[in-house]
Structure formats: structure tokens, C-alpha cells
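1. Kindly return the folded structure for what I paste below:
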Amino acid sequence: MQPLTSSEVADRVRRGEINRVERVTSRRTRDIVVANVVTRVNAIYFVLFCVVASTGHWIDGLFGLLIVVNSGVGMVQEIRAKRTLDRLAILNASTVTVLRAEGAVPIDPGDIVVDDVVEVAAGDQVPVDGELLASTGLEVDESLLTGESDALAPEVGAALLSGSLVVAGSGLLRATRVGDQAYAAQLAREAATYSTPSSGLRAGIDTILRYLTWVLIPVGALMIWNQLTRTELPLGDALRGMVAALVPMVPEGLVLMTSVAMAVGVIRLGQRQCLVQDLPAMEALARVDVVCFDKTGTLTEDGMRVRELVVLEGDDAEARSALALIGAGENRPNASMQAILEATEPNAAEALARVPFSSARRWAAAQVAGTTWAVGGPDVLLPGHPALDRAAHESSQGRRVLALVRSGQPLAGQSLPEDLTAVALVVLDQRVRPEAAETLRFFDEQGVTLKVISGDAPVAVGAVAAQVGLESSVTVDGRDLPEDVAELGRVAAGSSVFGRVRPDQKRELVRALTDRGHTVAMTGDGVNDVLAMKEADVGVAMGGGSPAARAVARLVLLDSSFATLPFVVAEGRRVVANIERVATLFLSKTVYSVLLALVVAVTALPFPLLPRHVTLIAWFTIGIPAAVLALAPNREPARDGFVARVLTAAVPGGVAVAVSAYGAYAVARSVIGTGPGDAVLTATAAFLALVVVAFDILIDVARPLQAWKVGLLVAMIGAMAAVVAIPLGQRLFQLDPTDGRVLMIAGAAAVVGLVLRRVARVVVGLVLARRG
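-> Below is the predicted model of the structure:
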């Protein structure tokens, strides 16, 4: 088939026959703005603000500023995160080579048009559906699409599916279906293959909000009925009381702080050249308790060099020429073959037949007149040969060893002749990444189990693992792994170092670990790691790795720096743990607001607080501290049971606040009076009692206390005290703490609340312990 000319390409682009599929790296700016402005919380607050505005008491509408704050902060942080993701996605993008009339042209996969001739090679993901035009030992793995685990060697004329992995060889295909018509795109629509991964944190928050909706609607309706029909307040005061009761019931900052914490996490990771392909990946990595590493390109640096060529038969020149001949057939050589090519002179001889290297086969071969040459794993090519002792010795030093063999018989398809003669051993140096040992030490200190799973010789894998501080009494040979699922799970859980592991075995090991309840991360860089990375809860790819590995990974370390991993884990833990912290604050407020509203409605009393009081409490006991704590360092491991833990922490605090505030209000009405001139005094008693217990909750949430946290607490308490003590603050917020009776009543009620909160926590703890 003739390559396309520029005019033919342009004609196909005009007809829409181009491989354009919407690439979702982040939401569009317009969607971000709409999602942050048009929210349920903003709608509720806007309606309540209009109600307050109708009374003429504008200062009671200060909570309306939260509409601006919620929308503005959320938009700014999400747009910053979007720009970071888009920039990093460009850096992570792979190119493909197409043959056009002007020659071989590297282009973005999205620019492929129908009838383009596309080059594919080992490590690629097939970008479009097409017809195979030429093949040099091409083998593809369609397991990510069809579940079929065996690699296929398609014949010329066969159809290739987009999304398939090229595991060996190279080839040319003619694009037949592109864009939305390609198989992978159809699968994405029909089976939601590329849907956003689930998030336990988001699901937990959604569960909490769903429960709150069931509670808020009837309680809110009851409060409206009480304020407007059962109290003898003027309409304006009744409306303000109703708004004061309803505003704090809404956990307005919970979703906002979650979004902001996630967005800031994306930005911080982006500054470390880590691309987050989906936001829940940060949360998943925070929950990881097992990290599996490939060796080559992950624990060791990408490049290798030939340390020594140990000639067993013939001469050095002949061996090097044969190695160059085999390497010349690799369109995209792996690290080992690249090192061999760099150490040999080019061999222009034309091979009669070739079998390219694959991780499953573990050898490559080329046939010339009268001789077949092959290079690969010594245990595969030289079983029982004395040279294996030398290979084992080199492997024990952490080096990679390949065997070069020859035969007088021709290649038989994908099979080697049986009469192989040992010619040489190729000893390759591979340097351990300088940051690897410290990175593994971090994970060990954090209680994360580490496992090295490699296709290299078990002795070599064990030696490299020992160099980075991962000691293991025995290295498991992949050839000895059991087929039984239960037994494989026991081996996977009980061993740390695995060698001679095939790509499909890597996947099965990861699956065995996840089946035993572990949250598993798989780090790799090659096409042989793709299946395991896809199976893991979190796949982490090196930026210098194969396009296929980067495509399936949820996180990509663009600078291939292994040292970034601890920061990524720490960032995920910070986000998850801090969201749990601030959730406790917001839900405590919701609990005590609902309880206060219920009690007030049942007793037919006016609501004790004004909207301005509620706003002041929200600023200093929840809003500002939550914004700071949500972004604070926190390395506490993420755990399951988010909803139960948050409610267990929030409910005792909410109950204590409600009891102290209502108790102070009821006693103040009894002691001070219920006349129009006494309303400010009774409200002040309730306000002060509530604030004391609310700050007690904040102090607990901020633990463990550090210097900066103590400074934050002092600032919040000091600001609140200043507002209450300064005459201007007293006038603006209608507070009067000058009456000694108010202080005595508020103090006594606060003590009751503090004691009740601690008793309630003990009771809840005992109940949970008995259930556990």
C-alpha cells in the first residue's frame, strides 16, 4: 500500500477520519466553574441569605460570604490542578511513527488518519484498529481487552485491535478504524473500561451527606414551623432564628475541603514531576500496605553496559558479530540488547529468519546461511551446562548474564533447534539506583511490605534486593510457583523476592495478594510489567518506561526518580487523614445544630442564636482551622471505616455541644428572664457555652499538638475572645458578657459539656470494642 500524501491526509481529516478521542486529563474550565458555583450548598445558602436580607439585618447575612469563598477557593485550586495535570500529560504523551509520502513521521496518536501506515514495536500499545501489513516476529497481548492471556503472533493480513500490547517484534499496520470507531474506544463506552476509579473517601462522604439529607429535611421543616408558628416573636426575629438554626446544619466545608485537599495534592505531586492519571489514585496509594517492585529500570537504573564477554567456544570477534546480528533485528531493543548493540560493531548481514526477544520466551534468535544464533537466559538456552556455575557466580554479584548459543539447524517457527552449542556468556552491569535503599527503608518504617518481582535470574534478583536492604532467606524461582490459587497466595504473602517470573505470573502474584485483603501497588517500566500494574490497586510507571506501561499506570513518575515514591505516599496519606480530621469538625457542627433545633422545636422556644453568632462560631472553631489542618503534614496510614470513625468522633462532641448550649440557654432564661431586654444575655450564655466545648473538639482534632498547631489554636481562641470582649464586637454580634450571671451559667454549662463529651467517648468506645 502506498503511503498517504499530505493532501490525502488533509482530505481524511476534513471527513473526520482521524483518531481523535477526547483525552480526559482533567475537567474543562467551564465545567469546574459550574461545578463550584451551582452546588446544593450554595443554593441553600443563597435562599437563606435572601430570607435574612428581607429582614434588613444585613450583618446576619455574613454567612452568605461562604458562597463566594466556597466557589472561589474551589475554582482556583481546581483550575491550578487542571493546569498542572494538562502540562504533565503533555510531557507523558507518547508519539507514534507513521509512514507517509514524505517518509517516516513521528506524530501524536490522535493525528493518525484512516489508511495511515503505522509502525508498532515492543513496548507499544496499538493506537488504532488496523490490518497487519508486515511483521518481524510481531507478538501482541490482548489480555487487557479480551482477557486472553496468551500472546498472539498474527499473520500478515490479520486484524490488530487498538489497546493491544506489543510484547515482541515489530510490524506495520494500516489504520482501518480510528477515534470513536476503534475497538478500545467502543469498549470504553460500552463496558466503562476507562471510567473514573472508585474512591472510598468520596463514597464515605457521599454516604454521610445522604444520611444528613434524610435528617435535615424533616428537622428543617420542624424548625421552620416552630419559629414561624409556635413562638411569639416578630416575623423578622422568627426568620432570623430559623436561618440561624438551618445554616449550621449544612456541612458546607466538607466537600470543599475534600476538593481543595485533593487539588493541592495534585499540584504538589506535579511539582515533583509525578502525573496523577486519576485523583482516587492518591487515596489508594495512601492505603497501600504492599508495594511490589520490578527490578530492572525500577530498583536499578535504566541503562546497562557489557562488563565482560566470556567466550566459551570460538573467538571474541565471531561472538560479537553474532550478538550484533541478533540485536539488529530489534526495532526497539530492551536495556540488555541496547547494551549489547553499544558494545558491538554493526552487522549488516541479512538474516533469513528472526525471532525477536519477549519476556515470556526469554530469548531472541537470528538465522543466517547454515547457522542459527540465539541469546537469552542461560537456564533456558544451556540447561545443565557447566557454564551455569559461572553465570550463577556473576548473578550473585547482582549482574545480569545472558548466554549466546548457536546451532547448525534452522529455526522452526518460534522454536529453537535442539542441538545448541554454548558460544559465550554476556555479563552485564546494572547499577542500583542510589535512592533505592532509602526509599525502601521509608516503606519499611511505615509498615509497608515490600516485594521484588522480576524476570531476572533468582540469584541476581536476590543480590540486588540485598544491596538495597531487602533481605530474604530465599528467592522464589518463578518456575516453582504453584498453580493452586490458595497455595500461590501463601507463597506470595510469605516471600519477598521472586525471580524468573513471567509477565502473567507477576499478574497472578499481585492478584493473590489483593485476594488476601492487601492493597497493592505495582511499580514497573516495561511491557512485561503492564499486566501486573493493571491488576494492582495502584500501578506506578517510570517516565522513561514503555508507552504501554505509562498508559495503564495510575501514577507516572515523569523524571523516573524512585525517590519520589515516598513523597507520593506521604501526600496521599496527608490528604486522606486530614479530610477525616476536618470531617469530624464539620459533622460535629451538623450534629449539635440538628439536636439544638430538635430540642428547641419540641420545647417551643426561640432558637438561642442569631445567624451572626453561627457565622462567628463557624469562622473560628471550624472554617479557618479546617482550612489550615486540611493542608497540614500528616503521615498517618489510611484505614478502612471512614464513615464509622468520623461519626464516632463527631456524635459525642455534637451531643455535648448541644447539651451545654441548650442547658445554658434554658437556665439563663430561668434565672435572667425572657423579656425583650434579656434576649442578648440568654443568647450570650448559650453562645459562650457552645464556643468552649467547640474549641475542646478543635483541640482534640488538632492532636498531636505541635508548635504551629498550638499557635493556630491560640490565634483562634484569641480572636474569638477579642470579638467577645471588645465593645465593637459586642455591638456587631449582639453579645453581652458583662453580666456575671451570664459567665457563671455559661461556665457551668461548658463544664457539663466537657465532662459529657468525655463520658460519651468512653461509652462509644466500649460499645465498639464489645462489637469488635
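
2. Toward the C-terminus from the helix ranked longest in the chain, list the very next helix or strand.
-> Determined from DSSP state H, the single longest helix within the chain is helix 564-603. Next along the chain after helix 564-603, taking DSSP states H and E as the criterion, comes helix 611-618.

3. ok now whichever helix or strand comes after that following helix, how far from the chain's centre?
-> Next along the chain after helix 611-618, taking DSSP H and E as the criterion, comes helix 624-629. Relative to the mean C-alpha coordinate of its chain, helix 624-629 is positioned 23 Å out (C-alpha atoms, centre = their mean, to the nearest Å).

4. if I pick residue 471, what's in contact with it?
-> The neighbours of residue 471, taking C-beta atoms under 8 Å, 6 or more residues apart in numbering as the test, are residue 465. Where C-beta positions appear, they are placed from N, C-alpha and C, glycine not excepted.

5. and with 10 Å instead?
-> By C-beta atoms under 10 Å, 6 or more residues apart in numbering, the contact set of residue 471 is 462, 465, 496, 497.

6. What about the last one, how many residues nearby?
-> In this case it means residue 497. When neighbours are counted by other C-beta atoms under 10 Å, residue 497 registers 24.

7. bridging residues for it?
-> In this entry, residue 497 is beta-bridged to residue 452, by DSSP bridges.

8. With distance to residue 760 and pLDDT added, can I get the contacts of residue 471 in a markdown table?
-> A markdown table is the format used below for the contacts of residue 471 (distance: C-beta to C-beta, whole Å; pLDDT from 0 to 100):
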| residue | distance to residue 760 | pLDDT |
| --- | --- | --- |
| 462 | 54 | 86 |
| 465 | 50 | 85 |
| 496 | 45 | 90 |
| 497 | 50 | 91 |
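
9. Need the max-distance pair from the residues you listed.
-> Pairwise distances across the contacts of residue 471 peak at 9.6 Å for 462 and 496 (criterion: C-beta to C-beta).

10. where do the contact lists of those two overlap?
-> Joint contacts of residue 462 and residue 496 (C-beta under 10 Å, 6+ apart) are 452, 470, 471, 472, 473, 474, 475, 476.

11. is it true that the third one lies in a strand?
-> No - using DSSP: H, G, I helix; E, B strand; the rest coil, the assignment for residue 471 is coil, not a strand.

12. what are the C-alpha coordinates of the helix or strand harbouring residue 508, in PDB please?
-> Secondary structure assignment for residue 508, by DSSP H and E: helix 503-515. The C-alpha coordinates for helix 503-515 follow below in PDB (Å, rounded to 0.1, in the frame of the first residue of the first chain):
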ATOM      1  CA  PRO A 503       4.500 -11.400  33.000                       C
ATOM      2  CA  ASP A 504       1.400 -13.500  33.600                       C
ATOM      3  CA  GLN A 505       2.900 -14.800  36.800                       C
ATOM      4  CA  LYS A 506       3.500 -11.200  38.000                       C
ATOM      5  CA  ARG A 507      -0.200 -10.600  37.500                       C
ATOM      6  CA  GLU A 508      -1.200 -13.700  39.400                       C
ATOM      7  CA  LEU A 509       1.100 -12.800  42.300                       C
ATOM      8  CA  VAL A 510      -0.500  -9.400  42.500                       C
ATOM      9  CA  ARG A 511      -4.000 -10.900  42.300                       C
ATOM     10  CA  ALA A 512      -3.100 -13.400  45.000                       C
ATOM     11  CA  LEU A 513      -2.100 -10.500  47.300                       C
ATOM     12  CA  THR A 514      -5.200  -8.400  46.600                       C
ATOM     13  CA  ASP A 515      -7.400 -11.500  47.200                       C
END
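
13. That helix: what's the following helix or strand?
-> Sequence-wise, the next helix or strand downstream of helix 503-515 (DSSP H and E) is strand 520-524.

14. so that following strand versus helix 564-603, what angle?
-> Counting by axes from the mean of the first three to the mean of the last three C-alpha atoms, to 10 degrees, strand 520-524 lies at 150 degrees to helix 564-603.

15. Let's test this: mean pLDDT of whatever helix or strand comes next after strand 520-524, rounded?
-> The first helix or strand that comes after strand 520-524 along the chain, using DSSP H and E, is helix 530-535. The pLDDT scores in helix 530-535 average 86.

16. Please apply the same query to stretch 168-187.
-> Regarding stretch 168-187, the rounded mean pLDDT is 83.

17. what is the mean pLDDT for stretch 613-626?
-> Here the average pLDDT along stretch 613-626 is 89.

18. In PDB, list the C-alpha atoms belonging to it.
-> In PDB, the C-alpha atoms belonging to stretch 613-626 read as follows (Å, rounded to 0.1, in the frame of the first residue of the first chain):
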ATOM      1  CA  HIS A 613     -23.500  34.100  66.100                       C
ATOM      2  CA  VAL A 614     -23.500  31.000  63.900                       C
ATOM      3  CA  THR A 615     -21.100  32.700  61.400                       C
ATOM      4  CA  LEU A 616     -18.700  33.700  64.100                       C
ATOM      5  CA  ILE A 617     -18.600  30.200  65.600                       C
ATOM      6  CA  ALA A 618     -18.100  28.700  62.100                       C
ATOM      7  CA  TRP A 619     -15.200  31.100  61.400                       C
ATOM      8  CA  PHE A 620     -13.000  30.400  64.400                       C
ATOM      9  CA  THR A 621     -13.900  26.900  65.600                       C
ATOM     10  CA  ILE A 622     -14.300  25.200  62.200                       C
ATOM     11  CA  GLY A 623     -13.700  27.100  59.000                       C
ATOM     12  CA  ILE A 624     -10.300  28.700  59.300                       C
ATOM     13  CA  PRO A 625      -8.800  25.900  61.400                       C
ATOM     14  CA  ALA A 626     -10.100  23.300  59.000                       C
END
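
19. So residue 640 sits against residue 289, correct?
-> No - using C-beta atoms under 10 Å, residue 640 is not in contact with residue 289, being 11.2 Å away.

20. who touches both of the two?
-> Contacts common to residue 640 and residue 289, judged by C-beta under 10 Å, 6+ apart, are 517, 519.

21. Just want to know which of these two has more residues nearby.
-> Neighbour comparison, residue 640 and residue 289: the larger count goes to residue 289, with 18 against 12 (by other C-beta under 10 Å).
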